[in-house]
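Peer 1: Sequence and predicted structure below; questions after.
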Amino acid sequence: MNLVTKEIRLQPANNKRLISLCGPLDDNLKQLEYQLSITINRYNNFFRLIGPSISVKIATDVLVSLYSETESERGTINDINPEQIYLTIKKIQILKNKLKYTKEISNTSVRIETKNGIIQPRTENQAQYIANIFNHDVTFGIGPAGTGKTYLAIAAAVDLLERQKNKHIILTRPAIEAGEKLGFLPGDLHQKSDPYVRPLYDALFNIIGYERVEKLIQKKIIEVAPLAYMRGRTLNDSVIILDESQNTTITQMKMFLTRIGFRSTVIVTGDITQIDLPSNQSSGLEHAIKVLPIIKDISFNFFNKEDSVRHSIVTRIIDAYEAWDNNKDTLDVMNHNKYENNCKCNYKEINSDDYDHCNNED
């Protein structure tokens, strides 16, 4: 692999801004080195970057971009944390690779505006997802954990509400436990359903704030309910989000999709690798992927591990599970043989020691 060296000087030189950029004990620079497999040497505002050409270019853009973000606002230096390093790398990688896509979408043009600020996609798939939500009656977001499926769907719903394109937001989930039975839950309907829809509340609180969410719920503008209570309703002028749709049955999915009324937008999110249904029931999401692509006004968006915007270890965890699923039989044999060999070695060592010990006693 050919390595290149690039030297940059960040201007204007400011010790406080440089400390914010580099982090405590240069933790942010270490994160950048780790993520991009490069070496960074620094003296004051002078940086020398050594590594593969594309990685050095991305690191340069990251440093320049984040240094600009440390600029003082009302006398306060903005701190940079490792999470920002990771997310900025992801964003710049997408910008560098735009030409690989047949249909380009500018991350700066596809964005969601709320009263609490602007939410921008971090990856090309996320940008396409948002664009499809705004241009299709029904949009499916399918992919692994941490790819922004639910968060961006709720952000888009808030944007449509604030622009008065829709009058209501309805959030729903199937009431299925993830591999364990919770048994009887005390309280009224709201209290019983709360554990199942808590992730939806969390996203709403993050986007528009706790107090505003509570007011909108009281006014029936935002409604959060289990999927079972959708039957028999026709939902007009609404943004309707079905989360964790991999845990719907075929009947439930059909029931939900036929609730759509006039001037409504539907968003369905799910991860077909995390189905919690009993083994004798088929997933409504898997079935919909096979049946519905022929309909023009329905969009399917598939995310992958590269779209994950959680901790970087999430991507590696997804990789490990995918490798296991793809090579399960081979890995089973390898691990079994390794286990047997370890057991034999330990058995021989123990017996040999015990034998010597017995001889010494005699």
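Peer 2: Nice, I can see it.

Peer 1: can you map out the helices along the stretch 51-200 of the chain?
Peer 2: 53-69, 82-96, 124-135, 149-162, 189-208 (DSSP state H, counting those that start in this stretch).

Peer 1: tell me the angle of the shortest one relative to helix 149-162?
Peer 2: Per axes from the mean of the first three to the mean of the last three C-alpha atoms, to 10 degrees, the angle that helix 124-135 makes with helix 149-162 is 40 degrees.

Peer 1: for helix 124-135, what is the average pLDDT?
Peer 2: The pLDDT scores in helix 124-135 average 88.

Peer 1: still on that earlier bit, so which of the helices of the stretch 51-200 of the chain comes closest to I222?
Peer 2: helix 189-208 (7.0 Å; C-beta to C-beta). Using the backbone N, CA and C atoms, a C-beta is placed for each residue, glycine as well.

Peer 1: name the helices or strands packed onto the helix or strand that the closest one is followed by?
Peer 2: Next helix or strand after helix 189-208 toward the C-terminus (DSSP states H and E): helix 210-218. Secondary-structure packing of helix 210-218 (3 or more C-beta pairs under 8 Å, 6 or more residues apart in numbering; DSSP states H and E): helix 189-208, strand 222-226.

Peer 1: can you do 10 Å?
Peer 2: Applying 3 or more C-beta pairs under 10 Å, 6 or more residues apart in numbering; DSSP states H and E, we find helix 210-218 packed against helix 149-162, strand 168-173, helix 189-208, strand 222-226.

Peer 1: Mind telling me which of the helices of the stretch 51-200 of the chain the model trusts least?
Peer 2: For the helices of the stretch 51-200 of the chain, where the average pLDDT is lowest is helix 82-96, sitting at a mean of 70.

Peer 1: about what we covered before: T258: which of the helices and strands packed on helix 210-218 is closest?
Peer 2: Using C-beta to C-beta, the nearest of these to T258 is strand 168-173, at 14.0 Å.

Peer 1: pLDDT below threshold where in the protein?
Peer 2: 1, 72-75, 90-91, 93-111, 114-116, 176-196, 309-312, 314-315, 328-362 (pLDDT under 70).

Peer 1: hmm, back to that, okay, the helices and strands packed on helix 210-218 in JSON lines with distance to P82 and mean neighbour count next?
Peer 2: Shown next, in JSON lines, are the helices and strands packed on helix 210-218 (distance: least, C-beta to C-beta, whole Å; neighbours: other C-beta atoms under 10 Å):
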{"stretch": "helix 149-162", "distance to P82": "20", "mean neighbour count": "23"}
{"stretch": "strand 168-173", "distance to P82": "31", "mean neighbour count": "23"}
{"stretch": "helix 189-208", "distance to P82": "20", "mean neighbour count": "16"}
{"stretch": "strand 222-226", "distance to P82": "33", "mean neighbour count": "19"}
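
Peer 1: Now distance to V239 too, for the ones you listed, in JSON lines please.
Peer 2: Putting these into JSON lines (distance: least, C-beta to C-beta, whole Å) gives the following:
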{"stretch": "helix 149-162", "distance to V239": "4"}
{"stretch": "strand 168-173", "distance to V239": "5"}
{"stretch": "helix 189-208", "distance to V239": "12"}
{"stretch": "strand 222-226", "distance to V239": "10"}
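
Peer 1: Nearest to D271, out of the ones you listed?
Peer 2: Checking the helices and strands packed on helix 210-218 against D271 by C-beta to C-beta gives helix 149-162 as the closest, at 7.9 Å.

Peer 1: Also compute the angle for that closest one relative to strand 168-173, please.
Peer 2: 160 degrees.

Peer 1: Alpha carbons of helix 149-162, in CSV - could you do that?
Peer 2: C-alpha atoms of helix 149-162 as CSV (Å, rounded to 0.1, in the frame of the first residue of the first chain):
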residue,chain,number,x,y,z
LYS,A,149,-34.6,4.5,10.1
THR,A,150,-36.9,5.5,12.9
TYR,A,151,-35.2,8.8,13.9
LEU,A,152,-35.3,10.2,10.4
ALA,A,153,-38.8,9.0,9.9
ILE,A,154,-40.0,10.9,13.0
ALA,A,155,-37.9,13.9,12.0
ALA,A,156,-39.6,14.0,8.6
ALA,A,157,-43.0,13.6,10.2
VAL,A,158,-42.3,16.6,12.4
ASP,A,159,-41.1,18.6,9.4
LEU,A,160,-44.3,17.8,7.5
LEU,A,161,-46.4,18.8,10.5
GLU,A,162,-44.6,22.1,11.0
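
Peer 1: Next, the angle from it to strand 222-226.
Peer 2: 140 degrees.

Peer 1: Run the chain-centre distance for helix 149-162.
Peer 2: Distance, stretch centre to chain centre, for helix 149-162: 15 Å (C-alpha atoms, centre = their mean, to the nearest Å).
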